[in-house]
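>>> could you work out the structure for the sequence below:
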Amino acid sequence: MNKLNVFNFITLNGFYKGPNEDISWHKEMVGEEENEHAEKNSNNPTPGILLFGRVTYQMMMAYWPTPMAQKNNPVIANGMNKAEKIVFSKTLKKADWNNTRIVNNNMIEEVKKLKETSGKDMTILGSGSIVTQLADAGLIDGYQFMMDPVVLGKGTPVFNGIHEALHLKLVNTKVHKSGVIVLNYESVKK
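A predicted model of the protein is given here:
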């Protein structure tokens, strides 16, 4: 069965975005090690499928296909642009970013089907409400958090509105010189 993983950057107090979708706090933390980490993940020889909610998709689409992204982060831009992408949205009607399709009904059933038949692992980028819904459904196999040494007064928690308890096993960590810590967890099925 194919795996479903999450990659999110978070603050020390568990927010993945600040008020008004603000992620500028993370951009300030990105240095050489963080870029190398992202390049390694985006340059996977067996690329998987990227999963997004509408808001994250639109934010990513506004940057990664641009000449600026190609100039600033060519390896990541190439990986993002080549990857197969699925957007879960009830309102989005058209996907302009190449290799993207929209799923607007029954996300849980679609992900179950993909885990059984796609032949590819999947990664959710950002998309907190998608993470929460799929975590509640017990479909997420692993979580990778890039925890920035930042605390926000307000924001949206990474597991905002979760109903079910999650049991996770820490698999490994990596501490960057910037103070960013990469945490890798596996889901423990109870």
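>>> need the contact list for the spatially most central residue of the chain.
Central residue of the chain (C-alpha atoms, centre = their mean): Leu125, 1.5 Å from the mean position. Listed by C-beta atoms under 8 Å, 6 or more residues apart in numbering, the contact set of Leu125 reads 7-8, 50-52, 56, 60. In this view, the C-beta of every residue, glycine as well, is placed from N, C-alpha and C.
>>> okay, it: pLDDT?
Looking at Leu125, its pLDDT is 89.
>>> beta partners for it?
Counting by DSSP bridges, Leu125 is bridged to Phe7.
>>> mind checking how far it is from Gly153?
25 Å (C-beta to C-beta, to the nearest Å).
>>> for Ile86, helix, strand, or coil?
At Ile86 the chain is in strand, as set by DSSP: H, G, I helix; E, B strand; the rest coil.
>>> wait, it touches Gly48, no?
No: counting by C-beta atoms under 8 Å, Ile86 does not reach Gly48; the two are 10.9 Å apart.
>>> more crowded one of those two?
Set Ile86 next to Gly48 and count neighbours by other C-beta atoms under 10 Å: Ile86 wins out with 23 against 19.
>>> show me the contacts for that one.
49-52, 100-103, 110, 114.
>>> okay then, goodbye and thanks.
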